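below are the sequence and a predicted model; questions follow.
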Amino acid sequence: MKHLIIISLLFSFHVIADYSSAGEYTVGINDALDIKVLDHEELRTLTTVAADGSITFPYIGTVNVKNMTLSEIEEDITKRLSEGYIKYPVVSVSLVKSMSRKIFLYGEVNKRGEIPLDENMTLLRALSAAGGVYPSGLYGKVNVRRKHKDKPGYTDTEIDLKSILDGKGSDDILLQPDDVLIVMGNKIFVHGEVGRPGEFVLEKDMTVVKALSIAIGVTANGLYGKVKVRRKQEGEPGYKDIPIDLKGMTEGSETGDMPLQPDDEVIVERNKTFFVHGEVGRPGEFVLEKNMTVVKALSIASGVTANGLYGKVKVRRKQEGEPGYKDIPIDLKGMTEGSETGDMPLQPDDEVIVERNKTFFVYGEVNRPGQYVLEDNMTVFKAITVAGGFTRWGSPNRVKVLRQTEDNTGLVTIKVKLKDVIKGDAGADVLLKPGDTIVVSSGIF
């Protein structure tokens, strides 16, 4: 009998030590318990704690177990059995399933709501018990909201789920009853000139290039536009725009590519454009490519027509910080002859305007009367040559130029003695102006 008592005490100590090592679990309503008595298999009881916090056990009837630890329940049942039912009973109480202690899950998980809190349940185990995390949450954050023990309110702890999944077990935490786990979505947004703008899952090692690929790439309207990543400022209000070198990336270079973070917005702006108007083969709006100049712009617009070769070219540009526009004259003739004189880089919304050639008119006794282009340094003598020269009745001494007055109220008449010019007096010739009309009359001299 003495040996039996010693063995019984050792067994009892072993059972208590096991549960103590697991922590002092407090039994609650709906918990499932397995109660055994050594050498009394008929007394084994699998029971669930009732709503009033009690269980029923053979011989002793109702036992109130709510808010008791497993070892305290063992002691209570042992004491009551030894009071006339079993001599030296050895009782063990095991927790089969905890249903009174719960945690709550929300967000990007397959099973939202409450789940039982098992012994030694960690964050990762809880997410597994909830059926796992959606792809949109795999690389996001988990907010663990925990009640204060001695005051109202909660404490929020943010956990990086990615670090746990990557094997950093130190970031995993042991959960407590009534903890609330909020799995935050890990998303990015792509806006602007892409094939499929919208919201996308932030996958592992996601960069700007990969994000644009998932969004079906950049459209033609965005190939020369600006790209930026709009990012929330940590610990500060507002956002920060980070410029990206899109053209470098589309040409196969990784220049400017960068890893994305949750809630980043990749914005592809529409191409900056410029306009070409007037005497060109194809007027219209064009993409402002890198290093675009006036010469390149005119080439893209199919070149200057014959009606504009001697016209004026100007760039009309918006004034920064001021209302209105500024016209910048361009030396078109110099550019068309292969010189870069007067060429200049264009800016967004610039307008390249090629004006129609200025003209003059020749009437009277010339072989080809009509309207002609006013080329540079055009004089009366050159103009009559262009018009096929005098007829047999035309007189070099009866040539005049009709010119509009400065105030446009009438005409002035300028007599030109071409006979003197023919004799070598260049000073007798007259330089023409736009709209001049040369009249050659008939006569003997």
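Sure thing, it's come through.

give me the nearest residue to residue 391, chain neighbours excluded.
residue 365 (4.5 Å; Cβ to Cβ, 6 or more residues apart in numbering). The way it works is simple: take the backbone N, C-alpha and C, and place the C-beta from them, glycine included.

the one helix or strand residue 191 maps to packs against which elements?
Per DSSP states H and E, residue 191 falls inside strand 187-192. When contacts are defined as 3 or more Cβ pairs under 8 Å, 6 or more residues apart in numbering; DSSP states H and E, strand 187-192 packs onto strand 198-201, helix 208-214, strand 265-268.

okay, the residue nearest to residue 50 when sequence neighbours are not counted: pLDDT?
Spatial nearest neighbour of residue 50, excluding adjacent residues (Cβ to Cβ, 6+ apart): residue 29 at 7.3 Å. On pLDDT, residue 29 comes in at 88.

before we move on, the earlier item: now do the buried residues in the strand holding residue 191.
The neighbour-count check on strand 187-192 (16 or more other Cβ atoms under 10 Å) flags 187-190, 192 as buried.

ok so, going back, distance of the residue nearest to residue 391 from residue 374?
21 Å (Cβ to Cβ, to the nearest Å).

all helices of this protein, in order?
2-21, 70-81, 123-129, 161-165, 208-214, 246-250, 294-300, 332-336, 380-386, 418-422 (DSSP state H).

what sits against the nearest residue to residue 375 once chain neighbours are set aside?
Ranked by Cβ to Cβ, 6+ apart and with sequence neighbours excluded, the top spatial neighbour of residue 375 is residue 310, at 5.3 Å. By Cβ atoms under 8 Å, 6 or more residues apart in numbering, the contact set of residue 310 is 333, 357-358, 373-376.

quick one, which of the residues you listed are buried?
Using 16+ other Cβ under 10 Å, the buried ones in the contacts of residue 310 are 333, 357-358, 373-375.

which residues of the stretch 251-400 of the chain score low on pLDDT?
For the stretch 251-400 of the chain, the stretches with pLDDT under 70 are 251-256, 332-342.

other SSEs contacting the longest strand belonging to the chain?
Longest strand of the chain, by residue count under DSSP state E: strand 394-404. Applying 3+ Cβ pairs under 8 Å, 6+ apart, we find strand 394-404 packed against helix 380-386, strand 411-416, helix 418-422, strand 437-442.

mind checking which of the buried ones among the contacts of residue 310 are in strands?
Those of the buried ones among the contacts of residue 310 lying in strands (DSSP E): residue 373.

which among the buried ones among the contacts of residue 310 gets closest to residue 125?
residue 333 (81.4 Å; Cβ to Cβ).

just list whatever residues bridge to the nearest residue in space to residue 263 that is not next to it in sequence.
Nearest non-adjacent residue to residue 263, counting by Cβ to Cβ, 6+ apart: residue 232, 5.8 Å away. Following DSSP bridges, residue 232 is listed with bridge partners residue 239.

residue 232 contacts residue 265, doesn't it?
No: here residue 232 lies out of contact with residue 265, judged by Cβ atoms under 8 Å, at a distance of 9.3 Å.

those two: which is more packed in?
Each of residue 232 and residue 265 has its neighbours counted (other Cβ atoms under 10 Å); residue 265 has more, 18 against 15.

just grab the bridge partners of that one for me.
residue 189, residue 230.

from residue 182, how far off is the closest residue to residue 49 other than its chain neighbours?
Excluding its sequence neighbours, the residue lying closest to residue 49 (Cβ to Cβ, 6+ apart) is residue 31, at 4.8 Å. As judged by Cβ to Cβ, residue 31 and residue 182 stand 26 Å apart.

try residue 420
For residue 420, the distance to residue 182 - Cβ to Cβ - is 100 Å.

now swap in residue 438 and tell me
89 Å.

buried sites along stretch 228-241?
228-229, 231.

same check on stretch 402-416?
By neighbour count on 16+ other Cβ under 10 Å, the buried set for stretch 402-416 is 403, 416.

centre of the chain versus it, how much separation?
63 Å (Cα atoms, centre = their mean, to the nearest Å).

contacts for that stretch?
Residues outside stretch 402-416 that contact it (Cβ under 8 Å, 6+ apart) are 380, 399-401, 428-430, 433, 435-437, 439.

between the residues you listed, which has the most around it?
Among the contacts of stretch 402-416, the one with the most neighbours (other Cβ under 10 Å) is residue 399, at 27 neighbours.

contacts only, for it.
380, 384, 415-418, 438-441.

could you export those residues as TSV, including distance to residue 127?
Shown next, in TSV, are the contacts of residue 399 (distance: Cβ to Cβ, whole Å):
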residue	distance to residue 127
380	95
384	96
415	102
416	99
417	104
418	101
438	94
439	98
440	100
441	104
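
so which of residue 31 and residue 182 has more stuff around it?
Neighbour totals were compared for residue 31 and residue 182, and residue 31 leads with 23 against 17 (other Cβ under 10 Å).

tell me, domain by domain, which residues of this protein belong where.
Split into domains by automatic domain parsing, the chain comes to 2-97, 102-183, 202-268, 273-354, 359-442.

can you get me the start-to-end distance on the shortest one?
One end of domain 202-268 to the other measures 18 Å (Cα to Cα, to the nearest Å).

next one: the fourth one
The straight-line separation of the ends of domain 273-354 (Cα to Cα) is 17 Å.

I'd say residue 417 and residue 428 touch.
Yes: with contact defined as Cβ under 8 Å, residue 417 counts as touching residue 428 (5.3 Å).

hang on, the earlier thing: got TSV for the domains of the chain, with distance to residue 196 too?
Listed next are these as TSV, based on distance: least, Cβ to Cβ, whole Å:
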stretch	distance to residue 196
domain 2-97	47
domain 102-183	17
domain 202-268	4
domain 273-354	22
domain 359-442	53
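
what about the residue most central in space within the chain, distance to residue 224?
Geometric centre of the chain, nearest residue: residue 266, 1.0 Å, by Cα atoms, centre = their mean. Remark: distance between residue 266 and residue 224 (Cβ to Cβ) = 17 Å.

right, I'll call it a day here.
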